[in-house]
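**Student:** here is a sequence with its predicted model. Questions after.
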Amino acid sequence: MTVSYWQKRYFSGRSLPPKTEHARDRYDIAVIGGGISGIATAYFLKKFGCDNVVVLEKNYIGYGATGRNAGFILSGLAEPYSRLIVAMGEESAREIMNSTMENHDLIESAVSENKIDCHYDKCGSYHLATGELERKELEESTEMMIKHGFDVEYQPKVPGKAKDRLSGYLGGFFNPADGKIDPFAFVNGLAAGIEVVTDFEVTGIEKKHGAVEIRGDNVRIEAEMAILAVNAYAPLLDKYFSDLVFPVRGQMLATSPLPANILGESIYYANFGYDYFRQFDDHALIMGGLRNRFFKNETGYEDIISDDLQRALEEYITANFGLSGFGIDERWGGVMGNTIDGLPLIGSLPHNSSVLAMVGFNGHGFGMGMVTARDLARAVMTGENSDLLKRFSIKRLSR
Ligand SMILES: Cc1cc2nc3c(=O)[nH]c(=O)nc-3n(C[C@H](O)[C@H](O)[C@H](O)COP(=O)(O)OP(=O)(O)OC[C@H]3O[C@@H](n4cnc5c(N)ncnc54)[C@H](O)[C@@H]3O)c2cc1C
């Protein structure tokens with residue numbers, strides 16, 4: 001079992017939250033999964049007036065990808081904007097971009113309203129070009145985004161402190177609207193005030209008198225409705241997702257704190273999102289990705305790391321940032337839930353309309369999890385279905 005830099009940081013000097021032994025027998029809504037999508041859904045359900053809501057979590061809040069990611073809050077999807085336009089047209093690409101920016105606003109408001117201490121910073125992001133093709137696509141994306149009213153630019157060289165260290169890249173697409181966060185501290189802060197039952201692994205959900213019965217280890221809970229927010233783990237809970245959501249592993253490491261900040265305040269991703277890195281406030285360099293070099297091995301649910309990928313991450317740091325002799329404080333893995341078209345799946349299950357799902361965030365849950373949760377909670381409470389929910393509807397892939 002691996003533990004992320006964020007999880008270790010949060011738990012050091014703090015006692016683990018007490019294990020919740022008993023849940024009540026009946027709730028209006030039971031959300032399954034204590035990551036950003038589940039906690040945010042419960043958070044917005046409460047805001048829209050649902051008081052009797054619980055989150056059931058197999059381990060602890062932020063145990064999954066939410067507590068193990070890079071903490072990048074990015075607008076758009078994984079692909080450059082130019083590719084989004086080819087795939088879905090200008091209008092849709094612009095709408096997705098706007099939704100992800102609204103997502104960021106929701107994170108920012110939640111941090112300030114709830115005074116969450118999570119090192120949030122709207123620092124802007126660089127998508128660095130590793131070759132001519134990527135540079136061309138990023139320059140095209142910049143042009144299209146400016147045409148669509150977004151304030152972005154292509155910089156032939158990364159300016160500031162990181163200029164020399166990152167001189168090997170062919171410049172970068174800078175989006176000032178993006179930001180960074182400690183994802184584990186954020187989700188735990190967001191969960192304050194929400195009833196969460198930890199160490200509760202849901203093993204089955206069945207229809208019962210127009211509601212649902214949720215089974216755990218020797219416990220049964222009834223709810224008017226269940227919301228599955230288990231991302232990559234959805235196929236383990238409901239076979240319907242077996243050929244819709246695919247578990248892929250991402251690995252990361254955190255160096256021991258470096259003597260100084262060498263990468264500036266921004267966050268960086270490169271090679272179409274396969275390489276990502278940032279430096280934290282304590283100067284630890286946090287780097288992840290490279291799974292494109294190890295596609296065959298980096299799938300499945302096992303919470304493991306591999307020597308070859310971890311070595312490749314270290315070599316990347318030496319080759320690209322000119323660093324050597326650094327120590328490593330933490331190495332970890334996390335499981336993302338991918339879908340065939342790169343978009344989440346949201347909506348009621350065809351075989352049980354009392355169960356809604358919101359899964360398949362394709363490595364971008366912090367770019368979309370808040371806005372989709374807000375829209376889903378509003379739909380549940382008011383019946384108002386947003387354009388975003390329609391776009392991500394589970395029905396588009398239903399068989
Ligand atoms: C290495 C890595 C780097 C990433 N970097 C970024 C990034 O920088 N920015 C970004 O936007 N995204 C990033 N992502 C993706 C992002 O972390 C996910 O999209 C997001 O966390 C998904 O949130 P979630 O709540 O849907 O799922 P999860 O965080 O995976 O939460 C699901 C929860 O469900 C629980 N669960 C599962 N089965 C059951 C069950 N049967 N009963 C009860 N509970 C259950 C799990 O324990 C888990 O806590 C990264 C992912 C990884 C792995």
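**Tutor:** Perfect, I can see it now.

**Student:** around the ligand, which positions in the stretch 251-399 of the chain sit nearby?
**Tutor:** Within reach of the ligand by C-beta under 6 Å from any ligand atom, the stretch 251-399 of the chain has these residues: 252, 288, 334, 336, 361, 363-367, 369. (Glycine included, C-beta is placed from N, CA and C.)

**Student:** out of those residues, which sit inside strands?
**Tutor:** 252, 288, 334, 336 (DSSP state E).

**Student:** out of the residues you listed, which one sits closest to the ligand?
**Tutor:** Set against the ligand, the nearest of those by C-beta to the nearest ligand atom is residue 334 (2.8 Å).

**Student:** helices or strands next to the helix or strand containing residue 348 in the packing?
**Tutor:** Using DSSP states H and E, residue 348 sits within strand 345-349. Where contact means 3 or more C-beta pairs under 8 Å, 6 or more residues apart in numbering; DSSP states H and E, strand 345-349 is packed against strand 352-359.

**Student:** picking that back up, redo the residues of the stretch 251-399 of the chain next to the ligand as a markdown table? Include pLDDT and neighbour count.
**Tutor:** Output for those, formatted as a markdown table (pLDDT from 0 to 100; neighbours: other C-beta atoms under 10 Å):
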| residue | pLDDT | neighbour count |
| --- | --- | --- |
| 252 | 98 | 26 |
| 288 | 98 | 25 |
| 334 | 98 | 23 |
| 336 | 97 | 24 |
| 361 | 97 | 28 |
| 363 | 93 | 24 |
| 364 | 95 | 23 |
| 365 | 97 | 25 |
| 366 | 98 | 27 |
| 367 | 97 | 25 |
| 369 | 98 | 27 |
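
**Student:** next, residue 126: phi, psi?
**Tutor:** phi -110, psi 130 (degrees, to the nearest 10).

**Student:** ok so, going back, between the ones in strands among the residues of the stretch 251-399 of the chain next to the ligand, which is closest to residue 382?
**Tutor:** The shortest approach to residue 382 among these belongs to residue 336, at 31.0 Å (C-beta to C-beta).

**Student:** quick check on the closest residue to the closest one other than its chain neighbours: phi, psi?
**Tutor:** Excluding the flanking residues, the one nearest residue 336 by C-beta to C-beta, 6 or more residues apart in numbering is residue 363, at 4.7 Å. Main-chain torsions, residue 363, degrees, to the nearest 10: phi 70, psi 20.

**Student:** right, and residue 363 touches residue 335 too?
**Tutor:** No. Shown here, residue 363 and residue 335 do not form a contact pair, counting by C-beta atoms under 8 Å, at 10.5 Å.

**Student:** common neighbours of those two, please.
**Tutor:** Common neighbours of residue 363 and residue 335, counting by C-beta atoms under 8 Å, 6 or more residues apart in numbering, are residue 250.

**Student:** which pLDDT value goes with residue 210?
**Tutor:** Per-residue pLDDT puts residue 210 at 85.

**Student:** and the closest residue to it other than its chain neighbours, how many neighbours?
**Tutor:** With sequence-adjacent residues excluded and distances taken as C-beta to C-beta, 6+ apart, residue 210 is closest to residue 354, at 7.2 Å. Residue 354 has 17 neighbours, counted by other C-beta atoms under 10 Å.

**Student:** residue 354 and the ligand, how far apart?
**Tutor:** 17 Å (C-beta to the nearest ligand atom, to the nearest Å).

**Student:** need the contact list for that residue.
**Tutor:** 207, 210-212, 224-226, 348.

**Student:** put the buried members of these into a ChimeraX selection.
**Tutor:** Restricted to buried positions by 16 or more other C-beta atoms under 10 Å, the ChimeraX selection for the contacts of residue 354 reads:
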select :211,212,224,225,226,348
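
**Student:** now render the contacts of residue 354 as a markdown table, adding distance to residue 242.
**Tutor:** Below are the contacts of residue 354 laid out as a markdown table (distance: C-beta to C-beta, whole Å):
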| residue | distance to residue 242 |
| --- | --- |
| 207 | 20 |
| 210 | 27 |
| 211 | 26 |
| 212 | 21 |
| 224 | 27 |
| 225 | 23 |
| 226 | 19 |
| 348 | 18 |
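
**Student:** where does the closest residue to residue 229 other than its chain neighbours sit: helix, strand or coil?
**Tutor:** Among residues not flanking residue 229 along the chain, residue 38 sits closest, at 3.4 Å (C-beta to C-beta, 6+ apart). At residue 38 the chain is in helix, as set by DSSP: H, G, I helix; E, B strand; the rest coil.

**Student:** residue 38 against residue 54, yeah?
**Tutor:** No. With contacts counted by C-beta under 8 Å, residue 38 stays clear of residue 54, the gap being 10.4 Å.

**Student:** shared neighbours, the two?
**Tutor:** residue 31.

**Student:** up against the ligand, what does the stretch 101-250 of the chain have?
**Tutor:** Checking the stretch 101-250 of the chain against the ligand by C-beta under 6 Å from any ligand atom, the hits are 201-202, 229-233, 237, 250.

**Student:** narrow the residues you listed to those that are buried.
**Tutor:** Buried among those (16+ other C-beta under 10 Å): 202, 229-233, 237, 250.

**Student:** now the helices: where do they sit in this structure?
**Tutor:** Along the chain, the stretches classed as helices by DSSP state H are 5-11, 36-47, 81-88, 90-113, 132-147, 183-190, 234-237, 307-321, 365-382, 387-391.

**Student:** show me which positions of the third one end up buried.
**Tutor:** Put plainly, it is helix 81-88. Of the residues in helix 81-88, 81-85, 88 count as buried by neighbour count, 16+ other C-beta under 10 Å.
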